[in-house]
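[1] Sharing a sequence plus its predicted fold:
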Amino acid sequence: MFSPTESVYICHARAKGRLAAVLLGVVLLFFTALVVTLPAWAAGEDRIAVIYPDIGEPYRGIFEKIIDGIEDQAGTPVAKYPVQYDTDIGALKSSLYRQNTKVVIALGRQGMKTAAALDRNIWFVVGGVLTVPESEARMQPVISLSPDPALLFARLKVLMPTAKRVFVVYDPGSNGWLMKLAKEAARAQGLELVAHEAHDLRSAVRLYQEIFSVADNRRDALWLPQDSITVDERSILPLVLQASWNQGIAVFSSNSSHVRRGVLFSLYPDNMALGKSLAGLAQGILTSGDYGWRGMMPLRDVQSTINLRTAKHLGLNPGRQQGFDTTFPEQ
């Protein structure tokens, strides 16, 4: 038997034990919840980060939409770093390492330039650029803003089933890689691609004049790639649009802004979907530990736009065609 004093002591001890057990349970629940809710990098997992130009509208909104797609595909928020030409690379590296970043998605030329200056232990993929010199593009995957020729030619055949030949004038320095893909894509659609190289404005004008002198509006079409030399918007574009209107030649473009000015149709980026594709590439690198594919890739995440006035002038009936995301004039 215990004395009254001992009994009281034992009761207190038991109460303290029960309290300690309760407190221990609370602490364990807290840490369990903490582990579940902490972001992946806090648990030591590899992370994806995004580097993009610190720039004003409308480009900022475009990059933000791409990042939305990246996060949607990743299933979690990603670390975001707006950069400028004078960004402190050392500080950026330190921040990336603290967050266990293994793959960077670089958007735009400035984003790519910054990513290229990082440690080689950090992989990176590139998006939001038109073209990259071959010596730089071969190091990592680059998704261009130039629409896939296969998608352009497929759209042409839907609108103009009689098309048999596609002319294009291009600068090999910026679009040589794209023409290699375009030749295969044209063949798959039963089209003949007649591609002319031009290294300056004067030679480009001469080639367009030659094309319009032989083009047949029943079977021929002209493709305008995104090319600052061969599709100069102040001199060449007005010339091409006037000749195509006069002769009834279908002209389609890789630059959607040309549709407002009279080009028949174009494809343009679906920024949300592009972000998902970039995130998919990054996730593949995290899984495999390798790039898998390096070099330029055309844009396959696209939306479409058509000029209805031009279509009517050419005798086409796009009203019966489905799938155009925007039209001019707007309907």
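    Looks like it came in fine. Residues are numbered from 1 along each chain as shown.

[2] Tell me what His196 is bridged to.
    Listed beta-bridge partners, His196: Val169 (assigned using DSSP bridges).

[3] got the contact list for it?
    By CB atoms under 8 Å, 6 or more residues apart in numbering, His196 lies in contact with Phe167, Val168, Val169, Tyr170, Leu207, Ile211. Backbone N, C-alpha and C define where each C-beta goes, glycine included.

[4] out of those, who has the most neighbours?
    Val169 (28 neighbours; other CB atoms under 10 Å).

[5] Against Phe252, how distant is it?
    14 Å (CB to CB, to the nearest Å).

[6] what's the answer for Ile62, then?
    Applying CB to CB to Ile62 and Phe252 gives a distance of 23 Å.

[7] what's the answer for Val240, then?
    Using CB to CB, one gets 11 Å for the distance from Val240 to Phe252.

[8] list residues touching both of these two?
    With CB under 8 Å, 6+ apart, Val240 and Phe252 have common neighbours Leu222, Leu224.

[9] follow-up on the earlier one: tell me which of the contacts of His196 is nearest to Phe153?
    Distance to Phe153 across those (CB to CB) is lowest for Val168, with 11.0 Å.

[10] Spatially nearest residue to that closest one (excluding sequence neighbours)?
    Trp223 (4.4 Å; CB to CB, 6 or more residues apart in numbering).

[11] Which strand residues bridge the one you found?
    Going by DSSP bridges, Trp223 forms beta bridges with Val168, Phe252.

[12] Next, count neighbours for it.
    24.

[13] Contacts only, for the spatially closest residue to Glu197 that is not a sequence neighbour.
    Leaving out its chain neighbours, the residue that sits closest to Glu197 by CB to CB, 6+ apart is Pro172, at 5.1 Å. Applying CB under 8 Å, 6+ apart to Pro172 gives the contacts Met179, Glu197, His199.

[14] so the last one touches Asp171, yeah?
    Just to be clear, that refers to His199. Yes: contact criterion CB atoms under 8 Å: His199 and Asp171 qualify, at 6.5 Å.

[15] got any residues that touch both of these two?
    By CB under 8 Å, 6+ apart, His199 and Asp171 have these common neighbours: Ile229.

[16] Compare those two and say which is more crowded by neighbours.
    More crowded of His199 and Asp171, by other CB under 10 Å: Asp171, with 20 against 12.

[17] ok, the closest residue in space to that one that isn't next to it in sequence - how many residues close by?
    Spatially, and ignoring its direct neighbours in sequence, Asp171 is nearest to Ile229 (4.4 Å; CB to CB, 6+ apart). For Ile229, the count of nearby residues is 18 (other CB under 10 Å).

[18] Is the spatially most central residue of the chain in a helix, a strand, or coil?
    Closest residue to the average C-alpha location of the chain: Leu274 at 4.0 Å, with CA atoms, centre = their mean. Look at Leu274: counting by DSSP: H, G, I helix; E, B strand; the rest coil, its state is helix.

[19] Name the nearest residue to it, ignoring sequence neighbours.
    Nearest one to Leu274, counting by CB to CB, 6+ apart, is Asp301 at 4.5 Å.

[20] The one you found reaches Gly280, doesn't it?
    No: counting by CB under 8 Å, Asp301 does not reach Gly280; the two are 10.7 Å apart.
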